[in-house]
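# sequence first, predicted coordinates after that:
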Amino acid sequence: MTVPPRSPAHADGDTAGSQPPLFDTPQRSVAAADGMPVAAAPAPAYADFATALNGALRNFHRPDLLGRSPLLRWGSGYLGPSAGPPELQALLFETAGTLFANPRDEKLRRVIELTYFQPALKQEAVAEQLSLPFSTYRRYLTAARDRLARWLWDGLGTAAANDEAANGETAVPAAGPESATPRLSLVVLPLVNIGGKPEHDQHVDGITETLTTDLSRYPGVFVISRNTALAYKGKPADIRQIGRDLGVRYVLEGSAQKDSDRLRINAQLVDAESGVHVWADRFDKPLAAYSLDTQDEVTARLARAVHVEMIAAESRRIAREHPDRHDSVDHMLRGWASWNEPLSLEAARRARCFFETALRLDQNNVGALLGLANALIWEVRMFESPDRPGQICAAEAAATKALTLAPDSADAHVAYGTVLFAMRAPDRALREFEFALRLNRNLAVAHGYLGLMKFFLGRAEETRGHAETAMRLNPRDPLLFHWHYLIGIADLYLGRVVRGLENLRKSVEINPNWGLSQFVLAGALGLAGLLAEAAETCATAQRLAPSFTIARFRAEALSDNPTYLAQRERLYEGLRLAGAPEG
């Protein structure tokens, strides 16, 4: 099997519009035993194709597993009716060599080859061999896989269109969700360099590229490659036409402006079907502190905000356009929209119902598995679970399956970490969050939970730094109230009651619906001698978490660390002063 060389346009990293066919002689049907043509399997959705490709790369040296790859079925018209693991191995190896033949893509080619095509090397060893920081190596690996997946998938479509045209047929999109525009799909247009100084172009293009990479890390998000988006640089943007050309629902556009002491990024998320602005915001960063690390912080914040807004917009679209006809992805998106609301017991349970329904329709929906694990553990942490062991077991099963399906997902490792600390294994959970940060060093939730684990391990003095990092990375995080709570309770355990009150009040102000933060605030007020306010806050907490008692709070301590348990006694005293039920 020969993979054709790239066209000159590809040698220069140009747009996907000039993609060559994947194979020399593409066919849309294969001959059955009786000589009659048999149609090839329907073309998959891109997200399914990319997932299958990642699995094939991981199993490159396991023919027994490679033989089950859906790529053999989807590409049967191209590989031939008897294709098996050797043909698929040849396709992956030769395509990667062709795609990354340009000298400027040498790092991407080496990352792919050492990670997948040469046996017995762990990812940490590959990063060390290439003299790359692990986070940089992971970024290269993600970019290389995404480009490989997109090129192969585009080739399927190109081959199909060429064959239909040769047969005098007109391609008609198939009905149903498989042919629909991916829900969380977008293109990040090159940011406009306000001021136009050529020396700033490199920084602005770097922000666009990093933002594209950050967004592509979110489960279920389909992002057009940076090379394709570059075709629109410096051109008037017809958002609706771009959406039609690229098959995306959203377009992110904006500008970057540098002056003597700061960088400002303006961003707008636009619905590509209607042209309506969904969301806009501005991000500022002092240039005195500007570096690649701070650039990564800004793009991580922006990516998280865009992800939350896309989920909210899709949830509204689902309710508006087909309220009585939802598939697994629809239910998953509605679950995350509920989760991103100010968190309460009701919101967590509502999100859980959506995730459970999504999994009944598709048990391999990774986004729903992660959401279900989060929702179950949140209910446990609110001391409102009617079956604590059962919910932890269900959350563990969901998180473990998500890790099996998406082992490189930092979010999956975070979800599993939350299960581990609910299982009273904060030391193991700490390692899980540390690994998540090796995969994505700007994942705010991992930083926050790392601080929480150190709190459980009797290292409360280290908690503030991690929580403040989480807030700096994502100041609009739906869990922002939780990070303020964490700083406040850490100060309380360290005997700094008055200082802790500031962040505990802030937590309740941001989200008044979380019963545990209300109880801890009530205890802190009691210790500070503000007994009337403590009693009032405790009454509010009891309405939100009616099953909470001091005895249950003591019994369900999430660590047996002696320092942590000794510090906890102070809070029990405050809860009694506030009037919390003893149990």
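Happy to help now that I have it.
# am I right that Asp48 sits in a helix?
Yes: applying DSSP: H, G, I helix; E, B strand; the rest coil, one finds Asp48 inside a helix.
# how much space is there between it and Glu356?
22 Å (C-beta to C-beta, to the nearest Å). In short, each C-beta sits where N, CA and C put it, glycine included.
# also Pro133?
Using C-beta to C-beta, we find Pro133 at a distance of 40 Å from Glu356.
# now do Glu341
18 Å.
# how about the spatially most central residue of the chain: what's its closest non-neighbour residue?
A centroid search over the chain (C-alpha atoms, centre = their mean) returns Tyr218, at 2.5 Å, as the residue closest to the centre. Excluding its sequence neighbours, the residue lying closest to Tyr218 (C-beta to C-beta, 6 or more residues apart in numbering) is His307, at 5.1 Å.
# touching, that neighbour and Val221? I think so.
Yes: assessed by C-beta atoms under 8 Å, His307 is found in contact with Val221 at 6.7 Å.
# what is in contact with the two at once?
Leu184, Leu215 (C-beta atoms under 8 Å, 6 or more residues apart in numbering).
# with adjacent residues omitted, what lies nearest to Arg424?
Nearest to Arg424 is Leu558, by C-beta to C-beta, 6+ apart, at 5.5 Å.
# what pLDDT does that neighbour get?
At Leu558, the model reports a pLDDT of 90.
# SS state for it?
coil.
# residues contacting Glu468?
Contacts of Glu468 by C-beta under 8 Å, 6+ apart are Trp483, Ile487.
# ok, and for the helix or strand containing it, which residues are buried?
Assigned by DSSP states H and E, Glu468 belongs to helix 463-473. The neighbour-count check on helix 463-473 (16 or more other C-beta atoms under 10 Å) flags Thr463, Arg464, His466, Ala467, Glu468, Thr469, Ala470, Met471, Leu473 as buried.
# so for it, mean pLDDT?
Averaging pLDDT along helix 463-473 yields 94.
# any idea how far it is from the chain center?
Here helix 463-473 is found 19 Å from its chain centre; the criterion is C-alpha atoms, centre = their mean, to the nearest Å.
# CA atoms only for that helix, dumped as PDB, please.
The C-alpha trace of helix 463-473 is given here as PDB (Å, rounded to 0.1, in the frame of the first residue of the first chain):
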ATOM      1  CA  THR A 463      -3.400  24.700  50.400                       C
ATOM      2  CA  ARG A 464      -3.700  28.400  49.700                       C
ATOM      3  CA  GLY A 465      -1.100  28.500  47.000                       C
ATOM      4  CA  HIS A 466      -2.700  25.700  45.000                       C
ATOM      5  CA  ALA A 467      -6.200  27.200  45.300                       C
ATOM      6  CA  GLU A 468      -5.000  30.700  44.300                       C
ATOM      7  CA  THR A 469      -3.300  29.100  41.200                       C
ATOM      8  CA  ALA A 470      -6.700  27.500  40.300                       C
ATOM      9  CA  MET A 471      -8.400  30.900  40.700                       C
ATOM     10  CA  ARG A 472      -5.800  32.700  38.700                       C
ATOM     11  CA  LEU A 473      -6.000  30.200  35.800                       C
END
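# immediately after it, which helix or strand?
helix 480-493.
# that next one packs against which elements?
helix 444-456, helix 463-473, helix 497-510, helix 515-527, helix 562-578 (3 or more C-beta pairs under 8 Å, 6 or more residues apart in numbering; DSSP states H and E).
# got CSV for those helices, with distance to Arg543 too?
CSV is the format used below for those (distance: least, C-beta to C-beta, whole Å):
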stretch, distance to Arg543
helix 444-456, 26
helix 463-473, 27
helix 497-510, 13
helix 515-527, 8
helix 562-578, 14
